[in-house]
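Engineer: For reference, the sequence and a predicted model appear below.
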Amino acid sequence: MLDYRKALQDRVDGRKELMRETAALAKELEAEKAKDPASAKVKELEEKQRQLAERHLQQRAETQRLVAERVKREAKAIEDRKAREAGTGAK
């Protein structure tokens, strides 16, 4: 249980960091676009923004996988317990 909670908290912390990076980058990109929308710096920042968006999607997918695995384990444990209880009650 603690490992799961730690893994989830690590994901939350990672998401918060990504959001901070994204916000800072958006601010920088806006300032650069105001100077020269077609500059090389704008293109570089847009690429970084794309990469951050991709990291965000990957992180979200990893979190969904983690939660889905936990739900499956919990469901199996419940089924196993019900099966044991049904077997015990039948004796």
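Structural biologist: Noted; the coordinates are in hand.

Engineer: For Glu28, give me its contacts.
Structural biologist: When contacts are counted by Cβ atoms under 8 Å, 6 or more residues apart in numbering, Glu28 is found next to Leu45. (Glycine included, C-beta is placed from N, CA and C.)

Engineer: Which strand or helix spans it?
Structural biologist: helix 2-35 (DSSP states H and E).

Engineer: again with Glu62
Structural biologist: According to DSSP H and E, Glu62 maps onto helix 40-90.

Engineer: If you compare the directions of that helix and helix 2-35, what angle comes out?
Structural biologist: Taking axes from the mean of the first three to the mean of the last three Cα atoms, to 10 degrees, one finds helix 40-90 and helix 2-35 inclined to each other by 160 degrees.

Engineer: that older thread, using neighbour counts, pick out the buried residues of the helix holding Glu28.
Structural biologist: Within helix 2-35, the residues that count as buried by 16 or more other Cβ atoms under 10 Å are Arg11, Leu18, Thr22, Leu25, Leu29, Glu32.

Engineer: how far out from the middle of the chain is it?
Structural biologist: 11 Å (Cα atoms, centre = their mean, to the nearest Å).

Engineer: packing partners for the helix holding Glu62?
Structural biologist: For helix 40-90, the contact count by 3 or more Cβ pairs under 8 Å, 6 or more residues apart in numbering; DSSP states H and E identifies helix 2-35 as packing neighbours.

Engineer: so where's this protein shaky on pLDDT?
Structural biologist: For the chain, residues meeting the criterion pLDDT under 70 lie at 1, 88-91.

Engineer: Ala53 versus the residue sitting nearest the centre point of it, what's the distance?
Structural biologist: Within the chain, the residue whose C-alpha comes closest to the C-alpha centroid is Arg60; the distance, by Cα atoms, centre = their mean, is 2.9 Å. The spacing between Arg60 and Ala53, counted by Cβ to Cβ, to the nearest Å, is 11 Å.
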